[in-house]
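S.K.: sequence and computational prediction follow.
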Amino acid sequence: MLRALARPLLASWFVYEGVQTYLEPEEPAARIAPTVEPALKEIGLEEVKAVDLVKFHGAASVALASMLALSRTPRLAALGLAGLAGAAAAYAHPFWKETDEERRTQELEQFLKNVSLVGGVLLAAAVGHSPRHIARKKAHKDKAKAKATLAKTKAKDAKVAAKAAGSKKRSA
């Protein structure tokens, strides 16, 4: 029961932030551009700009957070969000580079918020599926196994029937 409430609550921040980031990528892009764009040029991706990465990050956050909120592949979704939030923490809020104490404190708070979210989604990944989901998956697997067994039996019966029909033709 708690899982049904916790996942959407955790995902809500990622959905909100992802939509905001996608719609208004300029400020975050300006923040990460000095670090990211030289790295992109170095690996031969000059045409990719920081704005493109920020928009991708926003869209991916919304998609993964929606998967987490709906409990669709929650482990995969949570691990993806952990990676995105970790990257955001490192690139968007490098508090260690700030010389102004007030700005450094603000960046540290944002960094720690993102790191806390990484911890939250890692917990969500560790929790896994609900008992109801596991029961549904087991029932699906049992049904598939029964269907495969039935198909094997039918194939075997058809083979026996074909062999019997071949014996009748030879004896006639």
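M.R.: Everything's here; your move.

S.K.: so which strand or helix has A82?
M.R.: Taking DSSP states H and E as the definition, A82 sits inside helix 74-92.

S.K.: got the buried residues for that helix?
M.R.: Buried residues in helix 74-92, defined by neighbour count with 16 or more other CB atoms under 10 Å: 74, 77-82, 84-89, 91-92. To be clear about C-beta, it is placed using only N, CA and C from the backbone, and glycine gets the same treatment.

S.K.: what sits up against that helix?
M.R.: For helix 74-92, the surrounding residues in contact (CB atoms under 8 Å, 6 or more residues apart in numbering) are 7, 11, 14, 28, 31-32, 35-36, 57, 60-61, 64-65, 67-68, 110-111, 114-115, 117-118, 121-122, 124-125, 127-129.

S.K.: please pick the buried ones from these.
M.R.: Counted by 16+ other CB under 10 Å, the contacts of helix 74-92 give 7, 11, 14, 28, 31-32, 36, 57, 60-61, 64-65, 67-68, 111, 114-115, 117-118, 121-122, 124-125 as buried.

S.K.: now, those residues that are in helices?
M.R.: If you go by DSSP state H, these have 7, 11, 14, 28, 31-32, 36, 57, 60-61, 64-65, 67-68, 111, 114-115, 117-118, 121-122, 124-125 in helices.

S.K.: what about the host helix or strand of A162, distance to the chain center?
M.R.: Element membership of A162 [criterion: DSSP H and E] is helix 131-171. The chain centroid and the centroid of helix 131-171 are separated by 37 Å under CA atoms, centre = their mean, to the nearest Å.

S.K.: now that helix: average pLDDT?
M.R.: The average pLDDT for helix 131-171 rounds to 83.

S.K.: please shift the residue numbers so they start at 7 in all later answers.
M.R.: Sure, I'll start counting at 7 from here, so that last one is helix 137-177.
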